[in-house]
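Student: Predicted model, plus sequence, below.
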Amino acid sequence: MNPVKSLKARKHELGESAFQLEVLNDRLTLGKHLPSFREKLEPIGLFPLKPTEIDIFQVNMGKMCNQVCKHCHVDAGPDRKEIMTQETMQLCLGVLQKHKFKTIDLTGGAPEMNPHFRWFIEQIRAIDNDINIIVRCNLTIILANKKYHDLPDFFKQHRIEVASSLPFYTATRTDSQRGDGVFEDSIKALQMLNAVGYGQEDSGLTLNLVYNPAGAFLPSGQAGMEKEFKRALKAKYGIEFNHLFCITNIPISRFLDYLLVSGNYSEYMEKLVNSFNPTAAANVMCRTTLSIGWDGYLYDCDFNQMLDLKVAGKAKHLRDFDMEALTQRSIIINQHCYGCTAGAGSSCGGEVAK
Amino acid sequence: MSTYYNSEDLKKFGSIGAFGAKDLANDFFKYYGDVFAEGALTSREKSLIALAVAHVLKCPYCIDAYTTDTLEKGCSEDEMMEAVHVGAVMAAGITLVHSTQMINKAKELTM
């Protein structure tokens, strides 16, 4: 059974980012000693961790969501009211007018629930007709209300790349993570996206799926998993998509709560640490990404955003945006970073070490 | 020692060579790695076979290890359970097929 409310609304102590950091750095909770993430970076010459080239501008449009997934690192849900204002979007657009990025990545919550979502995309397209815009669509939002039913057409019109979470190709495992009925609605939404051309060969409309484990285990073998997903979804539901991205669950927020309650926390952290891969560490997404919070503050990644770890340096808000300073900054790290460096690594685009 | 099986011991498996016969351990782990690599069978298929074998040979370490491994490789509950059924039915069949020997012997001894 999924929680009906966010940790924040339940006034759960893990709803506070400071407490999450306390837990992550508490040896007593862990029950054993594990090296700090810094200790792993130092011998391979990656500390302090620096950006390579910032080419992804990732905007978190708010924590409001129609789902309450058990693993959500945002602690998103219908009860979260923190969403980006049009004024803050204007600040984003100001940055986009001045600086060139390869990709704009819109996430949430459910970004589509922001009342200015469509306006924002139209403005981005007016600035740059060629830039790759990704929308992280949870799929069920398309069916959640009549006003969202035309989202596939809107996405198509603006040549949006759609990235959608589907933890598994069966209902049991998907619903256990994302809530009852989510699998069925996700399948319908994928069929609607397919119907307008998404995921179809030569359509130029990209539909990528995001897999993350429904439990305290790591993802493994993105290529093999993609084959299985394609085979299963095509055979049973006629669904086609482009790529599958495998993402590791990061031990923060609701997934951290799950790990602690289920008694898996210590083992999971040990596994992440033992699976540390220097190649993945060199390719972590925070070296190429800038993450923007709903309130305009700047972060190294969406996970640091949820832990309220703002970028290092004086310019911490869109108002004071300074690309040169951001390029020179040191990336803030902590124990949760092990989630992005385990095995083949993990990023919003899946594995990072081939 | 309070118990013969301890899940923490599974983590020590990779270092058995430190106790002795290091070269043999190294040879084994090299062979182990090679066998489970992608080949004519995918590593996913091999993991399901290993899960079945783990049950047939009733090894709690291997059951832990290959439950995790099959989950990590994206196997469904049905695939995992069917693999165990393959092991179970083989074990049952192996028992039952020996009944032919019993039948032969019984026929030999009876009128």
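Tutor: On my side now, so go ahead.
Student: all contacts plus neighbour counts: C-alpha atoms, from now on.
Tutor: Will do.
Student: Check which residues of the helix or strand harbouring B:D23 are buried.
Tutor: Assigned by DSSP states H and E, B:D23 belongs to helix B:22-36. For helix B:22-36, burial by neighbour count (16 or more other Cα atoms under 10 Å in any protein chain shown) applies to B:A25, B:F36.
Student: do stretch B:84-95 as well
Tutor: Of the residues in stretch B:84-95, those buried (16+ other Cα under 10 Å) are B:V84, B:G87, B:A88.
Student: Then stretch A:149-157?
Tutor: Going through stretch A:149-157 with 16+ other Cα under 10 Å, the ones that come out buried are A:L151, A:P152, A:D153, A:F155, A:K156.
Student: do the same with stretch A:23-37
Tutor: Counting neighbours by 16+ other Cα under 10 Å, stretch A:23-37 gives A:V23, A:L24, A:N25, A:L30, A:L34, A:S36, A:F37 as buried.
Student: go on, stretch A:6-21?
Tutor: Neighbour-count burial for stretch A:6-21, with 16+ other Cα under 10 Å as criterion, is recorded at A:S6, A:L7, A:K8, A:L14, A:G15, A:E16, A:S17, A:Q20, A:L21.
Student: any idea what the second one is structurally, helix, strand or coil?
Tutor: Going back to what we said before, that points to A:L7. Under DSSP: H, G, I helix; E, B strand; the rest coil, the three-state class of A:L7 is coil.
Student: Quick check: longest helix in the chain by residues?
Tutor: By default, I'm working from chain A. With residue count as the measure and DSSP state H as the assignment, chain A has helix A:222-237 as its longest helix.
Student: Can you look at chain B instead?
Tutor: helix B:77-97.
Student: can you give me the strands in the stretch 201-350 of chain A?
Tutor: Assigned strands in the stretch 201-350 of chain A, in chain order: A:207-211, A:244-246, A:289-292, A:298-299 (criterion: DSSP state E, counting those that start in this stretch).
Student: mind checking which of the ones you listed is nearest chain B?
Tutor: When the strands of the stretch 201-350 of chain A are ranked by distance to chain B, counting by Cα to the nearest Cα, first place goes to strand A:207-211 at 9.5 Å.
Student: one step back: can you narrow the buried residues of stretch B:84-95 down to the ones near chain A?
Tutor: Among the buried residues of stretch B:84-95, proximity to chain A is found for none (Cα under 8 Å from any Cα of the partner chain).
Student: tell me which of these is nearest to A:C69?
Tutor: Minimum distance to A:C69 across the buried residues of stretch B:84-95 is 30.8 Å, recorded for B:V84 (Cα to Cα).
Student: Tell me how many other residues crowd residue 103.
Tutor: Unless you meant another one, I'm taking chain A. The burial metric for A:T103, expressed as a neighbour count using other Cα atoms under 10 Å in any protein chain shown, is 17.
Student: oops, chain B please
Tutor: A count of nearby residues for B:I103, using other Cα under 10 Å, gives 11.
Student: sorry, back to before: I'd like the buried residues of stretch A:23-37 as JSON lines, with pLDDT and distance to B:F29 appended.
Tutor: Rendered in JSON lines, the data for the buried residues of stretch A:23-37 read as follows (pLDDT from 0 to 100; distance: Cα to Cα, whole Å):
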{"residue": "A:V23", "pLDDT": "96", "distance to B:F29": "36"}
{"residue": "A:L24", "pLDDT": "96", "distance to B:F29": "34"}
{"residue": "A:N25", "pLDDT": "95", "distance to B:F29": "34"}
{"residue": "A:L30", "pLDDT": "91", "distance to B:F29": "30"}
{"residue": "A:L34", "pLDDT": "95", "distance to B:F29": "26"}
{"residue": "A:S36", "pLDDT": "97", "distance to B:F29": "29"}
{"residue": "A:F37", "pLDDT": "98", "distance to B:F29": "29"}
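Student: Which of those residues fall in helices?
Tutor: Secondary structure assignment (DSSP H) places A:V23, A:L24, A:L30, A:F37 from those within helices.
Student: Tell me who's in contact with the last one.
Tutor: Each residue near A:F37 by Cα atoms under 8 Å, 6 or more residues apart in numbering or on different chains is listed here: A:I333, A:N334, A:Q335, A:C337, A:Y338.
Student: which one of those sits closest to chain B?
Tutor: Once Cα to the nearest Cα is applied, the member of these that ends up nearest chain B is A:Y338, at 17.3 Å.
Student: Now for the closest one: which residues touch it?
Tutor: A:F37, A:L272, A:V273, A:F276.
Student: hang on, the earlier thing: and the buried residues of stretch A:6-21 as a markdown table, adding pLDDT and distance to chain B?
Tutor: Below are these laid out as a markdown table (pLDDT from 0 to 100; distance: Cα to the nearest Cα, whole Å):
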| residue | pLDDT | distance to chain B |
| --- | --- | --- |
| A:S6 | 97 | 27 |
| A:L7 | 97 | 27 |
| A:K8 | 96 | 31 |
| A:L14 | 96 | 27 |
| A:G15 | 96 | 28 |
| A:E16 | 96 | 30 |
| A:S17 | 97 | 29 |
| A:Q20 | 97 | 26 |
| A:L21 | 97 | 27 |
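Student: Phi first, then psi, for A:D185.
Tutor: Main-chain torsions, A:D185, degrees, to the nearest 10: phi -70, psi -40.
Student: Stretch A:39-48: end-to-end distance?
Tutor: Looking at stretch A:39-48, the gap from its leading to its trailing residue is 11 Å under the measure Cα to Cα, to the nearest Å.
Student: swap in stretch A:196-210?
Tutor: Length of stretch A:196-210, first residue to last, Cα to Cα: 20 Å.
Student: Give me the contact list for it.
Tutor: Counting contacts by Cα under 8 Å, 6+ apart, the residues outside stretch A:196-210 that touch it are A:152-153, A:156, A:159-167, A:193-194, A:240-247, A:350.
Student: How about stretch B:89-104?
Tutor: B:V56.
Student: How far off centre is that stretch?
Tutor: 21 Å (Cα atoms, centre = their mean, to the nearest Å).
Student: end to end, how far does it reach?
Tutor: Using Cα to Cα, first and last residues of stretch B:89-104 are 23 Å apart.
Student: again with stretch A:47-67
Tutor: Using Cα to Cα, first and last residues of stretch A:47-67 are 38 Å apart.
Student: Which of the residues in that stretch are classified as buried?
Tutor: By neighbour count on 16+ other Cα under 10 Å, the buried set for stretch A:47-67 is A:47, A:49-51, A:54-67.
Student: and chain B, which of its residues are near chain A?
Tutor: Applying the criterion Cα under 8 Å from any Cα, the portion of chain B that neighbours chain A consists of B:R44, B:T68, B:L71, B:E72, B:K73, B:G74, B:S76.
Student: still on that earlier bit, among the buried residues of stretch A:149-157, find me the one that's closest to chain B.
Tutor: Nearest to chain B among these, counting by Cα to the nearest Cα, is A:P152 at 28.4 Å.
Student: surely A:T170 meets A:E184?
Tutor: No - with contacts defined as Cα atoms under 8 Å, A:T170 does not count as touching A:E184, sitting 9.5 Å away.
Student: separation between A:C137 and A:M61?
Tutor: In this structure, A:C137 and A:M61 are separated by 12 Å, where distance is defined by Cα to Cα.
Student: With A:V74 instead?
Tutor: Taken as Cα to Cα, the spacing of A:V74 relative to A:M61 amounts to 12 Å.
Student: Mind listing the shared neighbours of those two?
Tutor: A shared contact of A:V74 and A:M61, defined by Cα under 8 Å, 6+ apart, is any residue touching both; here these are A:G108, A:G109.
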